[in-house]
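*Asks:* Prediction below, plus the sequence it came from.
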Amino acid sequence: MRTYKTAIIGAGTIAKVHARTLHENKRTEFAAIADIDLQRAADLAAPYGARAYGDYRMMIKEERPEIAIITLPHHLHKEAAIFCMEQGCHILLEKPMALNTGECSEINAAAGKYGVRASVGHMQHFFAANIKAKEIVESGRLGRLVSVHDKRHHPYFLPERPGWFLDKSRSGGGVVINLGSHSIDKIQWITGTRMTKAKASLTYWGERGDVEGSGSLFMQTSSGVPVTVSLCGYNNVSVNETELLFTGGQLKIAGAQALWLGAYDRPYEPVQIGEHAEPFAAQWNKMLDDVEGGGEETDISGYYGQSVCAAVDAIYRSHETGLEQIVEAFYPGAYARQ
Ligand SMILES: NC(=O)c1ccc[n+]([C@@H]2O[C@H](COP(=O)([O-])OP(=O)(O)OC[C@H]3O[C@@H](n4cnc5c(N)ncnc54)[C@H](O)[C@@H]3O)[C@@H](O)[C@H]2O)c1
């Protein structure tokens, strides 16, 4: 079995999950981890016998990994991605791919130039409830999809959140770019479409920082289905739910594991979703399969990641202008494919 030498850039919250995933994967040699806070890198590397660096450029040059996972603040995604690709490294970027569509374009162009994969960790694709929901949508058994309604409410301004998330210049924004990119991805992926239009109204009433704390979004998919998304990062009850209404019934997804199906004569009942691999493990295996498979575009590709950022950009533009915005199509046939 071929193994892939891999390094992680950034040793924060989500890197802990990636580190365990790499360690447990038989196709992976988990070589090293870099963080500007060397002690943090060392603490995370030690249990896995990986090496720690305080400078990711030095790590990439010395270790020569085949794949790098980038788990940095959003404003650093592009520069780290392009550096790694210049060095011949495939990359898996944490979501969102970058601060905006323009940066995503640069990353995708660099991947083409250096002949490596730029992939994005859109892990909603690996949640058991979403996989089952996608299967039901594709089967057509509930009829035509009428609309999608997503709610993601979660306190966003808690003291434990690292400061960069609340600084627009480093994060690109608040609940829209961070939580909303999961919602957009989930809906696009389950319905096999892309967002094409967005109208949005945001508030900026957080106790700290300069990012938005709520977003009421109205979008449309490339198959013409209307989508509403409510994002709220203030002190409300936490909710993570998506309802899909069809001509012959409806689905409700709650978090990663729970899916219900109902209809007018039948209250919601749980759907058996079966056994699925842990999402980060499944995502990593998908990355390795894509690297092995070569040039094919897949649903964790940089182009897919760019489609999510393009919808996020349209949402911010809509709030600023007060007008509905078209989501930028960024490669020929982007919507025709669906
Ligand atoms: N998939 C998910 O569900 C999920 C969950 C959480 C975070 N994320 C994403 O993961 C990424 C990281 O988020 P996080 O919560 O782990 O953030 P974090 O703040 O916990 O970690 C970021 C790390 O980057 C380090 N860093 C900053 N500048 C650096 C530099 N120049 N060189 C090296 N290291 C540097 C910081 O010291 C920190 O340890 C973001 O893109 C975020 O949106 C995804």
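*Replies:* Yep, that arrived. Given the structure is predicted, the values throughout are model-derived calculations rather than measurements.

*Asks:* in the stretch 51-200 of the chain, which spans are helices?
*Replies:* 56-63, 77-86, 101-114, 128-139, 168-171, 175, 181-191 (DSSP state H, counting those that start in this stretch).

*Asks:* Generate a markdown table for those, with mean pLDDT, distance to the ligand and mean neighbour count as supplementary columns.
*Replies:* Heads up, the C-betas are built off the backbone N, CA and C, glycines and all. Shown next, in a markdown table, are the helices of the stretch 51-200 of the chain (pLDDT from 0 to 100; distance: least, C-beta to the nearest ligand atom, whole Å; neighbours: other C-beta atoms under 10 Å):
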| stretch | mean pLDDT | distance to the ligand | mean neighbour count |
| --- | --- | --- | --- |
| helix 56-63 | 98 | 5 | 18 |
| helix 77-86 | 98 | 7 | 22 |
| helix 101-114 | 95 | 13 | 19 |
| helix 128-139 | 96 | 13 | 18 |
| helix 168-171 | 98 | 8 | 17 |
| helix 175 | 98 | 12 | 25 |
| helix 181-191 | 97 | 7 | 24 |
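
*Asks:* Any chance of those helices in TSV with distance to Tyr303 as columns?
*Replies:* Formatted as TSV, those follow (distance: least, C-beta to C-beta, whole Å):
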stretch	distance to Tyr303
helix 56-63	24
helix 77-86	14
helix 101-114	6
helix 128-139	19
helix 168-171	23
helix 175	25
helix 181-191	12
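
*Asks:* Distance of the residue in the chain sticking out farthest from the centre relative to Val146?
*Replies:* When distances are taken from the C-alpha mean of the chain, Asp265 lies farthest, 36.2 Å away, according to C-alpha atoms, centre = their mean. From Asp265 over to Val146 the distance is 17 Å, taken as C-beta to C-beta, to the nearest Å.

*Asks:* How is this structure partitioned into domains?
*Replies:* With domains defined by automatic domain parsing, the chain comprises 4-124+280-299, 125-276+307-326.

*Asks:* Give me whichever of those is most buried.
*Replies:* domain 4-124+280-299 (a mean of 20; mean count of other C-beta atoms under 10 Å).

*Asks:* Pairing-wise in the sheet, spell out the partners of Tyr4.
*Replies:* Thr28 (DSSP bridges).

*Asks:* quick one: it and Glu29 touch, right?
*Replies:* Yes: counting by C-beta atoms under 8 Å, Tyr4 touches Glu29, with 6.9 Å between them.

*Asks:* ok, now how distant is Pro226 from Met195?
*Replies:* For Pro226, the distance to Met195 - C-beta to C-beta - is 11 Å.

*Asks:* shared neighbours, these two?
*Replies:* 219-220 (C-beta atoms under 8 Å, 6 or more residues apart in numbering).

*Asks:* So for Met1, what pLDDT did the model give?
*Replies:* Met1 is assigned 86 on the pLDDT scale.
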